[in-house]
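Student: Take a look and give me a structure for this.
(one chain, ligands or ions: 1)
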Amino acid sequence: MTDQEEQISRATAQAHPNIALVKYWGKADTGRNLPATGSLSLTLGALHTQTTVARGAADSLLVNGMPRPDMAARLFRFLDSAFPDRPALSIDTQNDFPTAAGLASSASGFAAAVCAVDGLLQSAHSQHRLAQLAGGGSGSAARSLYGGIVRLDAPSVENDDIRLQPLADPSDWPLEVMAAVIDEGPKAVGSTEGMERTRATSPYYPVWIDSHARDLDVATDAVAKRDFAALAEVTEHSFFKMHAVMMSSQPALLYWLPASVGVVRAVADLRSRGLPACCTMDAGPQVKVVTTPDAAADIADALAEVDGVQRIIRSGLGGAPVVNLER
Ligand code: 2P0
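Tutor: The predicted model follows:
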């Protein structure tokens, strides 16, 4: 340990979750947690994970003030591989949105943890390297190392790791996201287990994988042209295709509740009346609606009317993680 390392006593990182418009579902390598598909996401500026890390007598984790041994085992095992010579760590993390309910808390959680530990240990990894490390903890976390609209490419013959590319800053194309919260409980089947079940049992899995590169390119092109209609079309296509491959797993992965269907239908109705809006869902019943700032108030009002919607969480796009070091 150098003198400089000893001077950092605590590091705090704040990271945002993200939602994928082109979806990741399936792993190429479970050991290294490498995705079998690329993805394209929006970083959500209004939602935060704040994680403070210090050296401790033994590893300990508090999530929203509570010990979480289930999460601690996964997090510390991950940190062992990302930072092989790390000391014991005391980690305190807070989310200002529901944890483990399909609002991407693992994305901001692993991103914030990697940035905070990198700061504490003065590892000085590049942002891109931190993203690759975070992806080893949770595939979606790699995208939370960047702000705005982010593309993740899966490993290929030429590259044996993921590659990240920010496609637009938050101010380049200020999209809005509304999460219609339907059930804040933890999800029934976690993403890692669900992805493996799909890979092993869905007859549609090969088609899902083979058709993915095109969706990623169509979405990238739509972002370059700021073409909301084209982005909305490929977003809903990727979302429905992912849930088709989930539902065709054995046993089926059905994350929907009746209110999820209600929101998706309400958004289709709004779009048919000319409003810019599209839906996506992850491994939980919440429906995330993407729109533009001029339409956001009308969309929020319409979503709040749907039976079973408990509340609407609104967010614009946010930036990359911010790290604060204390000596
Ligand atoms: C995504 N999801 O692209 C997809 C869509 C959920 C559905 O990435 O197994 O927690 O830790 O790599 O990142 C959520 O899964 O999965 C996710 P692991 P993660 O956002």
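Student: Whether stretch 38-53 contacts the ligand - can you check?
Tutor: Yes: using Cβ under 6 Å from any ligand atom, stretch 38-53 reaches the ligand at residue 39. Every C-beta, even on glycine, is put in place using the N, C-alpha and C of the backbone.
Student: Return the set of buried residues in that stretch.
Tutor: Buried residues in stretch 38-53, counted by 16 or more other Cβ atoms under 10 Å: 38-53.
Student: One more: stretch 306-320?
Tutor: 306, 309, 312, 313, 314, 315, 316, 317, 318, 319, 320.
Student: Quick check: beta-bridge partners of the fourth one?
Tutor: Per DSSP bridges, residues listed as beta-bridge partners of residue 313: residue 179.
Student: I'd say it and residue 178 touch.
Tutor: Yes: look at residue 313 against residue 178 with Cβ atoms under 8 Å: they come within range, at 7.1 Å.
Student: one step back: what is the nearest of the buried residues of stretch 38-53 to the ligand?
Tutor: Using Cβ to the nearest ligand atom, residue 39 comes nearest to the ligand of the buried residues of stretch 38-53, at 4.5 Å.
Student: show me what contacts the residue lying closest to that closest one once chain neighbours are set aside?
Tutor: Once flanking residues are discounted, residue 39 sits nearest to residue 24: 4.0 Å by Cβ to Cβ, 6 or more residues apart in numbering. Going by Cβ atoms under 8 Å, 6 or more residues apart in numbering, residue 24 touches 35, 37, 38, 39, 139, 140, 152.
Student: Distance of residue 254 relative to residue 284?
Tutor: Distance of residue 254 to residue 284, given as Cβ to Cβ, to the nearest Å: 11 Å.
Student: Looking at these two, which is more packed in?
Tutor: residue 284 (25 against 13; other Cβ atoms under 10 Å).
Student: can I assume the more buried one sits in a helix?
Tutor: No: Residue 284: not assigned to a helix; according to DSSP: H, G, I helix; E, B strand; the rest coil it is coil.
Student: how close does it sit to residue 246?
Tutor: 11 Å.
Student: Longest helix in the protein, please.
Tutor: helix 228-247 (DSSP state H).
Student: which is the next helix or strand following that helix?
Tutor: helix 258-272 (DSSP states H and E).
Student: So which bits of the stretch 51-200 of the chain are right by the ligand?
Tutor: Counting by Cβ under 6 Å from any ligand atom, the stretch 51-200 of the chain comes close to the ligand at 106, 107, 138, 139, 140, 191, 192, 195.
Student: which SSE is the second one in?
Tutor: Under DSSP H and E, the secondary-structure element containing residue 107 is helix 105-121.
Student: chain center to that helix: distance?
Tutor: Between the centre of helix 105-121 and the centre of its chain there are 14 Å (Cα atoms, centre = their mean, to the nearest Å).
Student: Tell me the helices and strands packed up against that helix.
Tutor: In terms of contacts (3 or more Cβ pairs under 8 Å, 6 or more residues apart in numbering; DSSP states H and E), helix 105-121 is packed against strand 10-15, strand 49-55, helix 69-82, strand 89-95, helix 127-137, strand 322-326.
Student: Run through who's touching the first one.
Tutor: The set of residues external to strand 10-15 that reach it, using Cβ under 8 Å, 6+ apart, is 48-54, 108-109, 111-113, 115-120, 144-145, 321-326.
Student: What of the shortest one?
Tutor: Defining contact as Cβ under 8 Å, 6+ apart, one finds that strand 322-326 is touched by 8, 9, 10, 11, 12, 13, 14, 115, 116, 118, 119, 120.
Student: How about the third one: which residues does it bridge to?
Tutor: Taking DSSP bridges, one finds residue 54, residue 326 as the beta-bridge partners of residue 10.
Student: if I look at it, how far off is the ligand?
Tutor: Counting by Cβ to the nearest ligand atom, to the nearest Å, the gap from residue 10 to the ligand is 27 Å.
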